[in-house]
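**Student:** Predicted structure and sequence below. I'll ask about it afterward.
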Amino acid sequence: MKGNRTIFFALGVILLVGLVYLSAATGTQLGHVAFNWSWPKWLFSSADSPGAAIVLALRFPRAVAAVLIGAALAVSGILLQGITRNPLADPFLLGISGGAGLAVVVIYAFPNVTQTLGWWVVPVASFAGAQGATLLVLSLARGVGQKISVIGLVLGGVIINSFCAALITFLLMQFAPLRMKVTALWLAGAVGYFGWPELLGAALFVGGALFLLRLRAGSLNAFSLGEEGASLVGVDASNVLQQTAWIASLLAGLAVSLGGLVGYVGLLVPHIVALLIGRDFRHSLLLAAVLGGIMMLLGDSAARMLFAPEEIPVGVLAALIGTPVLLVLLSRELRR
C-alpha cells in the first residue's frame, strides 16, 4: 500500500508539471489555438522579448493560479468530508462559497467601490465573505455546553448557503445588464491573471495549511470513529471541528478569491483520493492537493482551448464534466 501511495503521488506530480508546461505553451493565434513548445528558450532570450513577457506575465502565472485554486478546494473538500463523515460535504454545502459569492456581488452592486479602491477589493471581499459565513455557521452549530457538533455544521451550512443564494439572486435582479453579465461570469468561476507577489502569498498560505494539517492528521483520522469515538481516544472533538472548519474556510476563501465559485473540485477529488489510497489524512492531503491542481488546470486549459478565441467559465465546464463523474462514483459506492 505504501508503494502504491508513492507511485500515485509521483505520477500526479509528473502529470501536474506536464500540464503546467502545456498551459504555458498554449495560446491563440489568428483566432485559433497555437502551441509554442519551445517557450522555455524565451525565458533566456532578451529581457524585451515579447514571448518571454507573455509567458512570465500571463500564461505561467495563470497556470500557477489554477493549481493553487484546485489544491485549496480539494484540501478544503477532503477536510470537510472527513470531519463531517458526509460524502457530499464541500465548501458549497457548508455555506463558505455562498458567503464569498454574496460579498463579491455586494461589491459589484457599488461600482464606485472598485473604481476608487482598485481591483484588489474583490478578492478581499470574497475572502472576508467566506470567513463571515463560517463564523455564522460555527455559531449556529454550537449546542449544549457551547460544543460544536457535526450535524450543527451541516445544517448551519445549508441555512447560510440558502440565505446567501437568495440574496445573490435578489441583487442580480437589480443589476444593469452589463454589470449582471460581469458578475455572473465571476460567479460561474474563472481563473484570473495575478502578479507573482499575490501568487507567492497564496502558495505560502496553502503550503502552511498543509503543514499544519499534517501535524493534526492523527486527530483528523480519529473522526472516522465518530465524535464520541474520537473523544474516547483523547481527541477534543469540538475543538478539532472548529479548527478544521476554519482552515477549510480559509482555503476555500482563498480559492474563491482567485477563481470565483468553482464547484465539483472539492467534491470529487476526495472520492478519487479515497479510491486510490484510502482516507488516511497522513497521506491523502498531499495527493488531494496534487489532484486538485491537476483537475483545475485541465479545466482551465480546456476552457481556453475548446472555443478559442472565446473562453467559457471553468466553473461551467467543471459542472458539465463533474456531474457524470460524480454519478459514476455514486453508483460505485451504492453497489458496495
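**Tutor:** That came in fine, so what should we check first?
**Student:** Give me the buried positions along the host helix or strand of Leu251.
**Tutor:** Using DSSP states H and E, the element containing Leu251 is helix 237-259. Residues of helix 237-259 classed as buried: 237-238, 240-245, 247-259 (neighbour count, 16 or more other Cβ atoms under 10 Å). Bear in mind the C-beta positions are built from the backbone N, C-alpha and C, glycine included.
**Student:** Now tell me which helix or strand of the protein has the poorest mean pLDDT.
**Tutor:** strand 32-35 (a mean of 68; mean pLDDT, DSSP states H and E).
**Student:** isn't there a helix covering Leu213?
**Tutor:** Yes: counting by DSSP: H, G, I helix; E, B strand; the rest coil, Leu213 is found in a helix.
**Student:** mind checking how far it is from Val191?
**Tutor:** According to Cβ to Cβ, to the nearest Å, Leu213 and Val191 sit 24 Å apart.
**Student:** For the two, work out which one has more neighbours and name it.
**Tutor:** Comparing Leu213 with Val191 by other Cβ atoms under 10 Å, the one with more neighbours is Val191, at 30 against 22.
**Student:** pretty sure the more buried one contacts Ser257?
**Tutor:** No: using Cβ atoms under 8 Å, Val191 makes no contact with Ser257, being 11.9 Å away.
**Student:** model confidence over the next helix or strand after the helix holding Leu251, on average?
**Tutor:** Using DSSP H and E, the helix or strand that follows helix 237-259 in sequence is helix 265-277. For helix 265-277, the mean pLDDT works out to 88.
**Student:** tell me which residues of whichever helix or strand comes after helix 265-277 are tucked away?
**Tutor:** Beyond helix 265-277 in the direction of the C-terminus, DSSP H and E gives the next helix or strand as helix 281-305. For helix 281-305, burial by neighbour count (16+ other Cβ under 10 Å) applies to 281, 283-301, 303-305.
**Student:** And stretch 223-238, by the same measure?
**Tutor:** Applying 16+ other Cβ under 10 Å to stretch 223-238 flags Phe223, Glu227, Ala230, Val235, Ala237, Ser238 as buried.
**Student:** likewise stretch 115-130?
**Tutor:** Using 16+ other Cβ under 10 Å as the test for burial, stretch 115-130 gives Val122, Pro123, Ala125, Ser126, Phe127, Ala128, Gly129, Ala130.
**Student:** Only the C-alpha atoms, please, for it, written as PDB.
**Tutor:** Taking Å, rounded to 0.1, in the frame of the first residue of the first chain, the C-alpha atoms of stretch 115-130 are listed here in PDB:
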ATOM      1  CA  GLN A 115     -13.100  52.200  -9.200                       C
ATOM      2  CA  THR A 116     -11.900  54.000  -6.000                       C
ATOM      3  CA  LEU A 117     -10.100  51.200  -4.200                       C
ATOM      4  CA  GLY A 118      -8.900  49.100  -7.100                       C
ATOM      5  CA  TRP A 119      -9.400  45.500  -8.300                       C
ATOM      6  CA  TRP A 120      -8.000  44.000  -5.100                       C
ATOM      7  CA  VAL A 121     -11.100  44.800  -3.200                       C
ATOM      8  CA  VAL A 122     -12.900  41.900  -5.000                       C
ATOM      9  CA  PRO A 123     -10.700  39.100  -3.700                       C
ATOM     10  CA  VAL A 124     -10.500  40.700  -0.300                       C
ATOM     11  CA  ALA A 125     -14.300  40.900  -0.100                       C
ATOM     12  CA  SER A 126     -14.600  37.300  -1.300                       C
ATOM     13  CA  PHE A 127     -12.200  36.100   1.400                       C
ATOM     14  CA  ALA A 128     -13.900  38.200   4.100                       C
ATOM     15  CA  GLY A 129     -17.300  36.800   3.000                       C
ATOM     16  CA  ALA A 130     -16.200  33.200   3.300                       C
END
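**Student:** So what touches that stretch?
**Tutor:** 91, 96-97, 99-104, 106-108, 113-114, 186, 249-250, 252-254, 256-258 (Cβ atoms under 8 Å, 6 or more residues apart in numbering).
**Student:** swap in stretch 132-149?
**Tutor:** Residues from elsewhere that reach stretch 132-149 (Cβ under 8 Å, 6+ apart): 94-96, 98-100, 102-103, 152-153, 155-157, 159-161, 164, 227, 237-238, 241-242, 245-246, 249.
**Student:** swap in stretch 185-205?
**Tutor:** 58, 61-62, 64-66, 68-69, 72, 101, 104-105, 108, 122, 168, 250, 254, 258-263, 296, 300, 303, 311, 313-316, 318.
**Student:** burial measure for Ala217, as a count.
**Tutor:** 15.
**Student:** Lovely, talk soon.
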